[in-house]
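Peer 1: Next come a sequence and a model predicted from it.
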Amino acid sequence: QDIICGNDVDIDDSVWMGPQPSMKELGERVGVKETHPVADLKPYLHSVIKSGRKLHFLPPYRAEHFWTLQKLLGIIPDNAHNWVSEKLVEAVISLREIKEPCEIVEIEKAVDTTYDMQTVAMMMAHPGVCEQEICGAMVGITMAKGNLPSFPIILSMNGETLHNHHHHQILEAGRLMVSDAGAETITSYAGDITRTIPVGGKFSSIQKDVYNVVLAANMAALKAARPGIAYMEVHFLATQVLAEGLTRLGLMKGDPKEAVAQGAHALFMPHGLGHALGMDVHDMEGLGENLVGYDAYHQRSKIFGHKSLRMGKELKPGFVITDEPGCYFIPALIDQWRKEKLHTDFINYDAVEKMKGFGGIRIEDDILITETGCRVLGKPIPKTIEDIETLMASSKDKMAQAVKDNATVKLRYLCR
């Protein structure tokens with residue numbers, strides 16, 4: 001029996017919010033006939049407990065939910081997670097991890113709006129522009145389409161900081177800019193795409209070399225992702241491709257496969273290959289990463305870098321996940337590892353030292369696992385060096401005029 005407990009909006013709320021549907025009307029929309037005010041919930045739950053039945057609830061993730069549990073059941077906030085029903089969590093995951101066709105349509109809508117966000121960022125990324133102007137233009141695109149960003153935009157020339165939300169810098173020629181962003185539809189489905197572009201429109205020789213290593217890892221993962229393979233295996237494949245490329249560039253040495261097994265690659269890629277995507281950017285993250293991304297046969301690694309992989313279990317048709325390898329030169333991490341003499345058999349520290357100030361590169365796509373493999377969702381967003389440079393070159397004159405006129409607000413339309 002399904003019951004919804006909630007209070008109808010009163011006249012005071014209606015003044016501020018306008019007419020709202022009643023709880024009865026809301027219940028009818030989802031096929032639930034019985035609704036009650038919140039005041040009926042506590043005595044009902046206590047009668048259930050007294051009868052010996054087990055209560056099932058999901059992990060609370062908002063502060064007010066913890067206090068509601070305390071009022072209803074006497075569970076103090078510090079202990080709330082001890083009472084969460086793992087059985088209910090697993091049931092919800094089984095319902096949500098396989099995306100229906102209508103859900104794929106919504107995710108692709110989000111990714112297509114993200115296409116506009118990312119291509120405008122590429123066209124704006126010229127010397128003299130403030131990062132915040134680009135970030136603001138991206139937010140404006142989502143809002144103009146009735147959406148919002150699916151998470152706070154990560155956009156910075158300091159791409160070595162994986163989640164950099166500071167947008168105060170003026171773009172400088174020769175620097176790289178990482179842009180990790182996504183739109184969210186009004187149905188709450190999310191896009192999540194990362195591109196790394198050269199300020200001014202041209203990659204330097206060393207930037208091209210490192211970029212192509214990351215791109216090779218991204219493409220290797222796309223080729224490998226299919227039903228029946230654990231995403232942990234795809235992660236190891238991508239990181240091995242990364243290690244092989246960095247070995248060719250002289251930044252790593254020794255056996256790339258063994259380097260990855262021991263976690264030496266994590267100096268350059270301290271995160272996992274990807275995560276589930278859906279109604280959250282990290283889909284169902286509030287239910288617990290290990291339950292969402294792992295199972296009895298695939299357990300989270302304890303090795304630095306590998307342990308940050310959010311999705312490790314066997315892939316199934318209908319999964320939507322991200323493919324986002326990266327390569328970063330993080331001064332503090334380089335200094336610490338060198339001081340502790342970590343992985344000296346695999347890392348050429350003298351060469352790595354010269355890369356401080358390079359920043360970072362991340363390339364991310366959203367992919368759907370199909371019956372036979374996978375496909376990238378949404379309109380193709382420029383990803384090769386040639387495609388990025390071509391798009392940026394086409395916008396250079398328009399951008400120069402927009403900066404001269406201080407007309408960033410109009411830039412969205414100039415670049416279309």
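Peer 2: Here it is on my side, so go on. Numbering: from 1, shown residues only.

Peer 1: All the helices of the stretch 201-350 of the chain, residue numbers only.
Peer 2: 205-224, 231-248, 256-262, 289-293, 331-339, 349-353 (DSSP state H, counting those that start in this stretch).

Peer 1: if I look at the residue nearest to residue 184 when sequence neighbours are not counted, how far off is residue 143?
Peer 2: Residue nearest to residue 184 in three dimensions, not counting chain neighbours: residue 150, with 3.8 Å by CB to CB, 6 or more residues apart in numbering. All C-beta spots, glycine's among them, are computed from the backbone N, C-alpha and C. Separation of residue 150 from residue 143 (CB to CB, to the nearest Å): 13 Å.

Peer 1: now swap in residue 86 and tell me
Peer 2: 39 Å.

Peer 1: if we can go back for a sec, how about the helices of the stretch 201-350 of the chain, which one is nearest residue 269?
Peer 2: helix 231-248 (5.9 Å; CB to CB).

Peer 1: Quick check: mean pLDDT of that closest one?
Peer 2: Helix 231-248 carries an average pLDDT of 98.

Peer 1: counting contacts, what elements does it pack onto?
Peer 2: helix 205-224, helix 256-262 (3 or more CB pairs under 8 Å, 6 or more residues apart in numbering; DSSP states H and E).

Peer 1: got any ranges where the chain has weak pLDDT?
Peer 2: 397-416 (pLDDT under 70).

Peer 1: One more pass at 90, please.
Peer 2: 1, 13, 61-62, 145-147, 280, 285, 394-416 (pLDDT under 90).

Peer 1: how about the strands of it, start to end?
Peer 2: Assigned by DSSP state E, the chain shows strands spanning 3-5, 34-36, 148-149, 154-156, 176-181, 183-184, 193-198, 320-323, 326-328, 360-362, 365-369, 374-376.

Peer 1: okay if I get the ones you listed as JSON lines plus distance to residue 12 and mean neighbour count?
Peer 2: JSON lines is the format used below for the strands of the chain (distance: least, CB to CB, whole Å; neighbours: other CB atoms under 10 Å):
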{"stretch": "strand 3-5", "distance to residue 12": "21", "mean neighbour count": "14"}
{"stretch": "strand 34-36", "distance to residue 12": "21", "mean neighbour count": "15"}
{"stretch": "strand 148-149", "distance to residue 12": "27", "mean neighbour count": "18"}
{"stretch": "strand 154-156", "distance to residue 12": "40", "mean neighbour count": "23"}
{"stretch": "strand 176-181", "distance to residue 12": "38", "mean neighbour count": "25"}
{"stretch": "strand 183-184", "distance to residue 12": "30", "mean neighbour count": "26"}
{"stretch": "strand 193-198", "distance to residue 12": "43", "mean neighbour count": "24"}
{"stretch": "strand 320-323", "distance to residue 12": "42", "mean neighbour count": "25"}
{"stretch": "strand 326-328", "distance to residue 12": "50", "mean neighbour count": "26"}
{"stretch": "strand 360-362", "distance to residue 12": "48", "mean neighbour count": "24"}
{"stretch": "strand 365-369", "distance to residue 12": "43", "mean neighbour count": "23"}
{"stretch": "strand 374-376", "distance to residue 12": "49", "mean neighbour count": "17"}
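
Peer 1: Give me the more crowded residue out of residue 150 and residue 143.
Peer 2: Under the neighbour definition other CB atoms under 10 Å, residue 150 and residue 143 were set side by side, and residue 150 has more, 24 against 12.

Peer 1: isn't the more buried one right up against residue 113?
Peer 2: No - Residue 150 lies out of contact with residue 113 (CB atoms under 8 Å); the separation is 9.7 Å.

Peer 1: Run a quick neighbour tally on residue 335.
Peer 2: Neighbours around residue 335, by other CB under 10 Å: 13.

Peer 1: tell me what the helix ranked longest in the chain is packed against?
Peer 2: Within the chain, and with DSSP state H defining each element, the longest helix by residue count is helix 101-124. Applying 3+ CB pairs under 8 Å, 6+ apart, we find helix 101-124 packed against helix 131-144, strand 176-181, strand 183-184, strand 193-198, strand 365-369, helix 385-404, helix 408-415.

Peer 1: Which one, of those, ends up nearest to residue 338?
Peer 2: strand 176-181 (23.1 Å).

Peer 1: by how many degrees do the closest one and helix 131-144 diverge?
Peer 2: Calculated by axes from the mean of the first three to the mean of the last three CA atoms, to 10 degrees, strand 176-181 forms an angle of 20 degrees with helix 131-144.

Peer 1: Could you list the residues in contact with strand 176-181?
Peer 2: When contacts are defined by CB atoms under 8 Å, 6 or more residues apart in numbering, strand 176-181 is touched by residues 114, 117-118, 121, 125, 131, 134, 138, 149, 151, 153-157, 159, 163-164, 171, 192-199, 207, 358-362, 364.

Peer 1: And it, how far out from the chain middle?
Peer 2: Distance of strand 176-181 from the chain centroid (CA atoms, centre = their mean, to the nearest Å) equals 13 Å.

Peer 1: Which strands border it, and is each parallel or antiparallel?
Peer 2: Strand 176-181 sits in its sheet next to strand 154-156 (antiparallel), strand 193-198 (antiparallel), going by DSSP bridges.

Peer 1: Adding distance to residue 392, write these out as CSV.
Peer 2: Shown next, in CSV, are the strands paired with strand 176-181 (distance: least, CB to CB, whole Å):
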stretch, distance to residue 392
strand 154-156, 16
strand 193-198, 7
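
Peer 1: that older thread, and the helices and strands packed on helix 231-248 as JSON lines, adding mean neighbour count and distance to residue 231?
Peer 2: Output for these, formatted as JSON lines (neighbours: other CB atoms under 10 Å; distance: least, CB to CB, whole Å):
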{"stretch": "helix 205-224", "mean neighbour count": "19", "distance to residue 231": "9"}
{"stretch": "helix 256-262", "mean neighbour count": "19", "distance to residue 231": "15"}
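
Peer 1: To residue 318, which of those helices lies closest?
Peer 2: Closest among the helices and strands packed on helix 231-248, using CB to CB: helix 205-224, at 17.3 Å.

Peer 1: returning to that earlier point: so for residue 328, which of the helices and strands packed on helix 101-124 sits nearest?
Peer 2: strand 176-181 (9.2 Å).

Peer 1: got the CA positions of that closest one in PDB?
Peer 2: This file holds the C-alpha atoms of strand 176-181, laid out as PDB (Å, rounded to 0.1, in the frame of the first residue of the first chain):
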ATOM      1  CA  LEU A 176      45.600  25.800 -21.200                       C
ATOM      2  CA  MET A 177      42.100  26.200 -19.900                       C
ATOM      3  CA  VAL A 178      40.100  23.300 -18.500                       C
ATOM      4  CA  SER A 179      36.300  23.600 -18.700                       C
ATOM      5  CA  ASP A 180      34.300  21.000 -16.900                       C
ATOM      6  CA  ALA A 181      30.600  21.800 -17.100                       C
END
